[in-house]
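S.K.: Would you be able to build a 3D model of this:
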Amino acid sequence: MRVEKKDKKNAVTLTWGTGQYQIRIQAHPLLLQVFCDGEVTASLNEQGRLFFETVKDPPKQRISEADKDEQEDSEGLWRETFKKFVDIKANGPTSVGLDFGLHGFSHVYGLPEHADTLRLKDTSDGEPYRLYNLDVFGYSIHSPLGLYGSVPFLLAHSPDRTVGAFWLNASETLLDVQYDCKKVKTKQCSSEVLPHTNLRWMSESGVIDSFILLGPSPSHTFLQYAELTGYQALPPLFSLGYHQCRWSYDDEADVKAVDAGFDRHAIPYDVIWLDIEHTRQNRYFTWDSQLFPDPVGLQRHLQERERKLVVISDPHIKVDPSWELYSEAQDRGYFVRDREGKLYNGRCWPGESCYLDFTSPEVRAWYSSLFALDKYKGSTDSLHVWNDMNEPSVFGGPEQTMPKDAVHHGGVEHRELHNLYGFYQHLATVEGLISRSGGLERPFVLSRSFFAGSQRLGAVWTGDNLATWEYLKISIPMLLSLSIVGVAFCGADVGGFFQDPKPELLIRWYQAGSLQPFFRGHSAKMMKRREPWLFGDTVTAAIRNAVQQRYCLLPYWYTLFHQAHTSAKPPIRPLWVEFSKEQDTFTSISIMQFCYCHSGSALLACPVTDPGATKVKVLLPGSGENWYDVQTKRIYSGGRTLSLAVTLDTVPLFQRGGTVIPRRTKPDIFLTASLQGCAEGYLYLDDGHSFNYRDKKHFALRRFSFTQGVWLRRKHLSNHLEDQHLLMVGNLSLPVGKDWDMWIR
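M.R.: Numbering: from 1, shown residues only. Prediction:
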């Protein structure tokens, strides 16, 4: 980077790269302008809304009557009342804010978690988007209110460029979005009216720490963000299969019966889950000996069938001086304190509870050690973990969470780091499972709460949804929003957590869920049992087909996650990511569609999300592209919208011409020719469970290509796997437009 010049306003211009990037810094008034190829792309403090309040001591009691009214007016800055709760601000008001101007953009995406459209809405006439992690049961749809997790990162996209804006602040944050137009000077003409997006970030506390990512493509922006916050963890292979969960399975016999039911009905699955009732009176790291007298035997029973068990572990600890875990944490000072320095007590599933202070490295290390096999009695190395209620959820607390004036490690108020609390528990759990294996095995940990960087740790889900068509429909933009901000291993509870779905809705949800990264059926204990075989043969068959389709594509899913792990490209993406210049993909028509992409958008899915649907509209992007209906083998040209007939057994799924997809069942390779008669694809393989791919380079990455009637299999990177683990291909001819689906033994 070099200083280029100072102008008449005494502004400094810095240039980097080959000269295509510049930033102009003006001091009075403060204005930062980012130029790409000579044109303004982003401005900071364009509207003069930079704001920060400094830490200060409370004002002394005033004596003068003349100051009495002023004193009363200022009290709210130091003490706020919300319903029955009083929030004391020890350091006074400490908010920060800044406005960003994004030039040439009218489409902004990201900023999860909200149950809303993929494109962020203009908030000029409504409430701003809120980022504040909360336990929101049956959350409102099409609302800017915050949910279980927060990622203060968004992408702005136009046909010419993609940029990102990252606001690194973990306190309660609001974002106003305003879409507008602005007359600007361009290279092409003297002046032109272009779209313009104004963003205004506001956080209750913390510091201003913001980033503008310059792309220029979506893939570049993903990579730049991953360099800041981390790449998606490569999940163990089993975790990409189907998960069966309920709040809660009754006992060991119930678990074994459900396990046998999947075999009896020929429905594959990999993981069964236990909720809070498996513990001894909601004491985590324990087992109810009446219900689960032999937890090790149960895990061995599942392991013999190559299946895993997941148990829940929440951040609250039951207040019980006779319980060793509670007493040890109390003696060591490992719990969050209230503003008076006393133990903070809240209520959750065990009743009166204390909350571990995961912001402390010492507490995290201690918590991680609890997962060791010699400490967590009844656990085995095939046991994995679910972090729930970690926003944190506090029954009866302000907004059902922890008070902002609670105090953490180092004297830091909860208001400063609220959105990070669940991230820290997730981190400690992941480190615990890695340590349990001596650093050899990849863990699986699901967390309900998350923040920027949670992708490094594992999976998240969209929380307590309802069994309605509206929640099925909204799950797709919610998961796409998570994916484009790096949190790629995400899913929604199949069938809806609460209420009882009708058979048609359940089938459609399994079809959609099988096409999403994290695939778990889950329901509340108050609801009817929901194992797939309880709804009659027709429903069972439809669910079986959806789950089998997932397992058929498992090698491709694993390859997609390797790409996310190494290059930050999410497995599912909005259409505009791959067809970045086609404005049809920016609009609402395509928000129910998404691509599964590796080196190009190989698959395009359009789950059916309306009751009684007999037709769906499908946008097939790409003028000059071929799209192949995976079910019927019919070929469609791109660059148009289809009205496609569907039945209850079908979900539109298309493979892009010119791609190769590895599959688990014959055909092992699914090839679709481009108009030029070519195709290309990748397959990633490793042992599926350890870190040997990273530490010992034990993996295989193969590139398959077909051109001029010849198959080529190229070693993309070296490995230590034997060739018999790979697909063997030879020289094959392919008549273009005929017999396009092929399998190779």
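
S.K.: switch to C-alpha atoms for all contacts and neighbour counts from now on
M.R.: Will do.

S.K.: So, low pLDDT: which residues of the stretch 51-200 of the chain?
M.R.: The model of the stretch 51-200 of the chain has pLDDT under 70 over residues 59-76, 186-190.

S.K.: So which residues of it form helices?
M.R.: Assigned by DSSP state H, counting those that start in this stretch, the stretch 51-200 of the chain shows helices spanning 68-74.

S.K.: cool, the chain as well?
M.R.: Ranges of helices in the chain, per DSSP state H, are 68-74, 218-229, 252-264, 295-304, 324-332, 361-369, 414-417, 421-436, 469-484, 503-513, 537-552, 554-567, 575-578, 692-695.

S.K.: Tell me how many other residues crowd the residue nearest to V547 when sequence neighbours are not counted.
M.R.: Distance criterion C-alpha to C-alpha, 6 or more residues apart in numbering; nearest residue to V547, sequence neighbours excluded, is S514 at 6.2 Å. Neighbours of S514 under the rule other C-alpha atoms under 10 Å: 27.

S.K.: and stretch 312-329, C-alpha only, in PDB?
M.R.: The C-alpha coordinates for stretch 312-329 follow below in PDB (Å, rounded to 0.1, in the frame of the first residue of the first chain):
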ATOM      1  CA  ILE A 312     -27.700 -32.800  25.100                       C
ATOM      2  CA  SER A 313     -25.500 -30.500  27.300                       C
ATOM      3  CA  ASP A 314     -26.800 -27.100  28.200                       C
ATOM      4  CA  PRO A 315     -24.800 -24.200  29.800                       C
ATOM      5  CA  HIS A 316     -26.900 -24.000  33.000                       C
ATOM      6  CA  ILE A 317     -25.900 -26.100  36.000                       C
ATOM      7  CA  LYS A 318     -28.400 -27.200  38.600                       C
ATOM      8  CA  VAL A 319     -27.900 -25.600  42.000                       C
ATOM      9  CA  ASP A 320     -27.100 -28.600  44.200                       C
ATOM     10  CA  PRO A 321     -24.300 -28.400  46.800                       C
ATOM     11  CA  SER A 322     -24.400 -32.200  47.000                       C
ATOM     12  CA  TRP A 323     -23.500 -32.500  43.300                       C
ATOM     13  CA  GLU A 324     -19.700 -32.600  42.800                       C
ATOM     14  CA  LEU A 325     -19.800 -30.800  39.400                       C
ATOM     15  CA  TYR A 326     -21.700 -27.800  40.800                       C
ATOM     16  CA  SER A 327     -19.700 -27.600  44.000                       C
ATOM     17  CA  GLU A 328     -16.400 -27.700  42.100                       C
ATOM     18  CA  ALA A 329     -17.500 -25.000  39.700                       C
END
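
S.K.: got the buried residues for that stretch?
M.R.: Across stretch 312-329, burial judged by 16 or more other C-alpha atoms under 10 Å covers I312, S313, D314, P315, H316, I317, K318, V319, L325, Y326, A329.

S.K.: and what of stretch 649-659?
M.R.: Neighbour-count burial for stretch 649-659, counted by 16+ other C-alpha under 10 Å, picks out T650, V651, P652, L653, F654, Q655, R656, G657, G658, T659.

S.K.: Thought Q511 was touching the second one, still the case?
M.R.: Yes: with contact defined as C-alpha atoms under 8 Å, V651 reaches Q511; the gap is 7.0 Å.

S.K.: shouldn't F450 be in contact with H418?
M.R.: No: counting by C-alpha under 8 Å, F450 stays clear of H418, with 10.7 Å between them.

S.K.: Please compare those two by neighbour count and tell me which comes out ahead.
M.R.: Using other C-alpha under 10 Å as the criterion, F450 and H418 rank with F450 on top: 30 against 23.
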